[in-house]
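1. Can you look at this prediction? I've put the sequence above it.
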Amino acid sequence: MTDSRPALQLLNQVFSEQQLTQYADLGTYLREGGSIFSLVEKGVQGLVMDYGISPDDARQFLRRANSMAIYVRRQFIEHSLRSDKAEGAGPRSGLLSMVNGPSFERLFSPRFDSLCPPDALESLASPVAYLIELLRWIEKRIESLPNTGNKLPLHGRRQDLKPLAVDFNAVHRSVSSVDIIVPVLETFIKKYGEDKGNRDEADLEQAMIDARYPNGLPYYQHWVTLDAVTRHHGLSVGNFAHMVDISFPYFLQDQAWDNDAARALAHTSRLGPYQRQLLTENPPAFADREGFYARNFGADGVTWQNLSQVPFFGERTKLDTPGLEALLSVRSFAPVRSANVTYQESAPDLPESGRSGSVYLNANTLPAVSITGSGEGPAFLHRLTANPNDSTGFDRYDRMNRKLRLDQWLELPSEQVDALLVAAIRAEVRGGASAAAWRITERVVHALGLFQSLRERYGCTAQDFAVFIDELSIYGRGEALSQFDQVFNGQGNYRQALLLNGGEFPVLPTQGVPDLTVIQICSALAIDLQTYSYLALAIAGAQGVAGNNLQRNAATLSSFYRLVKLPRLLGITPVEGVLMLTVLGGKSWLDGLAGAPLISRFPLNTAIVNTPDALNLIYAMHSCAGWCADRNIPVLWMLQQVSEPQALAAASDNERQLFEQVRNLLSGALFTNAALLTAGVPALPGASWLDLLTALVDPDGLVMPPAGTEAVYLAFARVALDQAVRDGLGESNASVRAGIVEKMLTVLLQARETQVSVVKECLAVYTGVNAEQALLVLAWANATVYRLLRQVLERTGLDLDESVRGRDEQPDPLLTLLADVRRRSAVVTKLELGAELLQDYLDYGHKAWVDQDDKHAFTVRTLYNLTSLTRAFELSKQPAQKLLAYLSEVNALPSPLSEHATRLAQQAASIRLAEFFDWSVQEVRECVGRIDPNLKILKNLTQLDLLMRVRVLAKHTGMDALTIFLIGTLPETVNKTAYNAAAEHALLSLSETPAPELAFSEDLKQIVTMACTVDKTDVVANTEGEITFTVTLKDIDGQPLSGVNVYWSAALGSISTDATQPNGTVEAQFIPGKVMGTDTPLYWLDLFEPKYAPTINVVADHLTLQFPSPLKARVPLGPVAFGEEIELYATLMDSHQNLGKNSLVRWSSRSEVSGALLTIRPAQAYTNQEGLTRVFVSSATGGTFVISVTSEGGEAVEHFEAITFDGQEADL
């Protein structure tokens, strides 16, 4: 009887009776109610394993079973979607009310109440359902099979999968691949450590550092982080090191170098400390070869002996056949000699890989490592000629190990890396290193760092950089021409190629006689004959050529190429490059690149190597050109300004116009005898006053330049004038002489001022700066108004003769002075230097700002520091005067400062700088604390430049100052603590939403509380009396500040500076002067704004006020006519000779005759500023009166003598 169950029917239809008997277990499973779905899930392998079915029969059965499973599942789904609820009422009108038309609900009867949203996680068609089904399928169909090949199961490889939560965010939220990969790796690494019984992450980190195989290792996480972060910002760790170096830029240093420059170049190479350690470590001992091969090539046991087998070596190093051939420079990569070069030795039969392409690998020796065998059969085994089991071969494998890693790290072809290494090693040999070592040293790594810097900024190629520090390559490679031929013989414009055969060619070609070599050089390098001559002279000087011929060899042509290519790479012309080297360092710097470049092991020790290091010079040119570009200064302009001014051979129209203008205006500005007579000075009989005033004016009436301050000059002038009056007039009366002296001094000062105005106005027109700047520029050029006017006057009549001035004659000093004034005025205009800045620089800034003793000297350092100051003005929205005032005040700080005074000055200085640059005070303090760890107060422009570099870098990267200094001060050697701290801080700058930059938010008033009291408010002038001010200082915590200087300023007296006591108070005595009035003294601390003290009054002594008899009016000797009035006055004065100003006085009179009337107007009034009271007196009746004046305040009374007034009858 046929079974009614579909699964059994299927089984009977597929298999025969014999097969059913053979597969009885499968039939029993189905008859006992087994599910067809379980069989489908088992698949072919499951049916074979569980029921012994042959694979073919299993596949035949599963094809039918799959169809049945799909049909049954579909029926189930459709059934589960039908609703069992009664159908609702239909429409009551329209067509559907008469006929039961089709509808979605009638056709499918969906169960909407049990359905889920389309994006729900529990949906049968969701990604989650697919994922779970896939995991179940893997578990049933794959992982259930025997693991014969030590394969890693899914959950063994991805141990992070099972703990993951499947929620809405996990399914629908978009995340970056990094957020997925990092947790996967973390879980794997953590599990790996647990399996090894080691849960210490530090040990895992060290394991990555110690590992050398595969050759992408060692891996130092903190360095990789730092390099990635800095690269993200378009920088390198070396850039940070340069930026935080107080000696940067190095072109301002004598040897263009300092101790931190080498460290910075090491970081610029983008090689981590362990990578550099691998490259520079000493060669391993031959006895340790087994450990070396196991560690670096993964060749354990005796397998290292197979390293000479090409397939095994390629497997260990991940090199394919072209890669290995390129590494060894063999076959299609073999070096080829240039046909245009005369070699000292004949060409060998074997490739010269040890001379070009693989020089480092072969230690510059022959025969070089090559590949033996030429068979093509699969059984033929190609081998390397280097035997890993002898010392020479071991050395070659050591070099290959380093070279392969360096190729990978630099991401350059093998031959280019070899060219870099060879050039650096040869340059180091010229600097004193051993010629036989051929090792990668720290200085070679520094050369790689400089190359990386030029490569990333300018696109410098490895071949060009090799010429910068060595010579042109004279070997080709495969079908490629040699570098020499590519440069000098690649144009094809000449039938005869340029040959390197040791021949000669002229330094300066004879005019009209062309030289083929010179023409070829000019054409190849795209320079004109004038540029060629300029470069040839520099090269001849560097090579010590005595005659007029250079040798046609690799060294000479490499020098030409170097002096042309390097400046053009930096964005300047070859002539500007030569001039830059000469200006920055003189002939020794020029010889360093025009001759044979060298790399010194001791760059700062000039006793060992006289010629500066080529790395120093190249970086100096790079940083100088970069500085000019950043400040928008043309390089040629900069070089012209810092060079000694060259005077014109003859005055131009501008100079002649200046001379004419000065002469026209000067006639009315001279100090003359006539001017003295006009001012009322007595004439000298038969002589001129100028004859007696030679210390003040010259015979032409030009005022001699003053010496010292204005007060010193005035005192000196009065003495000289007094002596002249005494000698000329024989006047012995001091008071009479004093009057004459003052008249003469007035004329002298007027003449001086007028002459100064003439020079200011004329120079302003001549130089294009304003009048105030013009006078300061003249002083900056170490000249005076007198010197300029003197030379202009002496030049009268010379203009017609200057055209015939001989070549050997000395240049005109006036034209030389004007050339210097012009160049300094150009600097003032270009940098927009204000008069206040120039005055401060000449007064004290030359020493305090730039540590330059000679304020008149103008060098590259001077120009750089001035640009730093103007850059600070550009970075701030505050007025420039604020920074100038800060610099003036910090450089006026007393030394030494007390502990509290130092702390207060540090806080105030940081706040003022933070306010000026709109930066956080904390950031400024971090910078200043590292710039000057001792005083922690920024005082000069070198320190200011470093602060600005950090400020700009912080704005560019989003880092704080601490992070920048942590990165910038990383040591060249390994220091895990330093690298770890720097990496952790650096990662914070990579946030997608960077933290807002902290702006200035503090105030000077917050850090100190100042209170001032006074014991009294009135003091008598011109006495030894005093008023005591008491100032109390407390910090932000209310603690007293001791040893802090309090400064005072008063208009009507003097107050001495003193420091606060331990209780934070200081008493200052106001000593009055001779002037009376109201005064509000100012008091302040170092670097703080002045504050007003209580107002005080300097007054007269009211108790001793009186009307001195000599200072009162005299009464008429006779009677006063009727109807007339007389004037009386009196001066109120105390016993200290102080005038009684603004004092109320009362006038009165008395008469012995009754009925006599006297009119006094005004009868009551206040004294004026001279202490004078004045009245007019008259009488309508006549009579004799005694008039008195009384001081209301001091009750002083003064009586005038009796005055008689005639009555009316006296006039009849």
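-> Yep, it's here.
2. Report the central residue of this protein.
-> Nearest to the mean C-alpha position of the chain, counting by C-alpha atoms, centre = their mean, stands residue 949 at 2.1 Å.
3. Residues in contact with the helix or strand containing it: which ones?
-> Element membership of residue 949 [criterion: DSSP states H and E] is helix 941-957. Residues outside helix 941-957 that contact it (C-beta atoms under 8 Å, 6 or more residues apart in numbering) are 233, 235, 240, 243-246, 248, 849-851, 865, 868-869, 871-872, 875, 913, 917, 919, 923-924, 927-928, 931-932, 938, 959-961, 964-965, 989, 997. Glycine gets a C-beta too; all of them are placed from N, C-alpha and C.
4. any idea how far the residue nearest to residue 1191 when sequence neighbours are not counted lies from residue 1186?
-> Distances taken as C-beta to C-beta, 6 or more residues apart in numbering put residue 1105 closest to residue 1191, at 5.1 Å, once the chain neighbours are dropped. Note on residue 1105: its distance to residue 1186, by C-beta to C-beta, to the nearest Å, is 21 Å.
5. Provide the secondary structure category for the closest residue to residue 978 other than its chain neighbours.
-> Leaving aside its chain neighbours, residue 978 sits nearest to residue 970 (5.7 Å; criterion: C-beta to C-beta, 6+ apart). At residue 970, secondary structure determined by DSSP: H, G, I helix; E, B strand; the rest coil is coil.
6. Could you do the one 10 residues further on as well?
-> The assignment at residue 980 comes out as helix when based on three-state DSSP.
7. Wait, residue 1022 touches residue 1133, no?
-> No. In this structure, residue 1022 is not within contact of residue 1133 by C-beta atoms under 8 Å, at 10.6 Å.
8. The two: who's more crowded?
-> Between residue 1022 and residue 1133, counting by other C-beta atoms under 10 Å, residue 1133 is the more crowded of the two (21 against 18).
9. what's the more buried one in contact with, if anything?
-> With contact set as C-beta under 8 Å, 6+ apart, residue 1133 has these partners: 1100, 1105, 1106, 1107, 1108, 1111, 1139, 1140, 1171.
10. go with 6 Å
-> Applying C-beta atoms under 6 Å, 6 or more residues apart in numbering to residue 1133 gives the contacts 1108, 1139, 1171.
11. quick check, distance from the longest helix seen in the chain to the centre of its chain.
-> The residue-count maximum for a helix in the chain (DSSP state H) belongs to helix 734-767. Distance of helix 734-767 from the chain centroid (C-alpha atoms, centre = their mean, to the nearest Å) equals 48 Å.
12. Let me know the next secondary structure element after that helix.
-> Heading C-terminal from helix 734-767 (DSSP H and E), you reach helix 771-780.
13. list the helices and strands that next one packs on?
-> Contacts defined by 3 or more C-beta pairs under 6 Å, 6 or more residues apart in numbering; DSSP states H and E place helix 771-780 against helix 734-767, helix 813-831, helix 835-840.
14. tilt between the second one and helix 771-780?
-> To tie it back to what came earlier, the one meant is helix 813-831. Calculated by axes from the mean of the first three to the mean of the last three C-alpha atoms, to 10 degrees, helix 813-831 forms an angle of 130 degrees with helix 771-780.
15. can I get the helices and strands packed on helix 771-780 in a markdown table with mean neighbour count?
-> Output for these, formatted as a markdown table (neighbours: other C-beta atoms under 10 Å):
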| stretch | mean neighbour count |
| --- | --- |
| helix 734-767 | 18 |
| helix 813-831 | 20 |
| helix 835-840 | 19 |
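16. looking at these, which is closest to residue 1037?
-> Residue 1037 lies closest to helix 835-840 among the helices and strands packed on helix 771-780, at 36.3 Å (C-beta to C-beta).
17. Whichever helix or strand comes after that closest one: which residues count as buried?
-> Sequence-wise, the next helix or strand downstream of helix 835-840 (DSSP H and E) is helix 846-848. For helix 846-848, the neighbour count (16 or more other C-beta atoms under 10 Å) marks 846, 848 as buried.
18. what's next to the next helix or strand after helix 846-848, contact-wise?
-> Next in sequence after helix 846-848, counting helices and strands by DSSP H and E, comes helix 860-875. The contact list for helix 860-875 (C-beta under 6 Å, 6+ apart) reads 252, 631, 642, 831, 850, 880, 883, 941, 945, 948.
19. Nearest to residue 773 among these?
-> Nearest to residue 773, judged by C-beta to C-beta, of the contacts of helix 860-875 is residue 831 at 11.5 Å.
20. Distance of that closest one relative to residue 865?
-> If you measure residue 831 against residue 865 using C-beta to C-beta, the figure is 11 Å.
21. likewise residue 1146?
-> Distance of residue 1146 to residue 865, computed by C-beta to C-beta: 70 Å.
22. Kindly report the same for residue 592.
-> Separation of residue 592 from residue 865 (C-beta to C-beta): 25 Å.
23. who wins for most neighbours among the contacts of helix 860-875?
-> Most crowded among those, counting by other C-beta under 10 Å, is residue 941 at 23 neighbours.
24. what are the C-alpha coordinates of stretch 54-73, in PDB please?
-> Extracted as PDB, the C-alpha positions of stretch 54-73 are listed here (Å, rounded to 0.1, in the frame of the first residue of the first chain):
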ATOM      1  CA  SER A  54      26.000   7.600  -1.800                       C
ATOM      2  CA  PRO A  55      26.800  11.200  -2.900                       C
ATOM      3  CA  ASP A  56      25.000  10.800  -6.200                       C
ATOM      4  CA  ASP A  57      21.900   9.400  -4.600                       C
ATOM      5  CA  ALA A  58      22.000  12.100  -2.000                       C
ATOM      6  CA  ARG A  59      22.100  14.800  -4.600                       C
ATOM      7  CA  GLN A  60      19.200  13.100  -6.500                       C
ATOM      8  CA  PHE A  61      17.100  12.900  -3.300                       C
ATOM      9  CA  LEU A  62      17.900  16.500  -2.300                       C
ATOM     10  CA  ARG A  63      16.800  18.000  -5.600                       C
ATOM     11  CA  ARG A  64      13.200  16.600  -4.900                       C
ATOM     12  CA  ALA A  65      13.400  17.300  -1.200                       C
ATOM     13  CA  ASN A  66      14.300  21.000  -1.800                       C
ATOM     14  CA  SER A  67      11.300  21.400  -4.000                       C
ATOM     15  CA  MET A  68       9.000  19.900  -1.500                       C
ATOM     16  CA  ALA A  69      10.500  22.000   1.300                       C
ATOM     17  CA  ILE A  70      10.000  25.200  -0.600                       C
ATOM     18  CA  TYR A  71       6.400  24.200  -1.500                       C
ATOM     19  CA  VAL A  72       5.500  23.300   2.100                       C
ATOM     20  CA  ARG A  73       7.200  26.500   3.500                       C
END
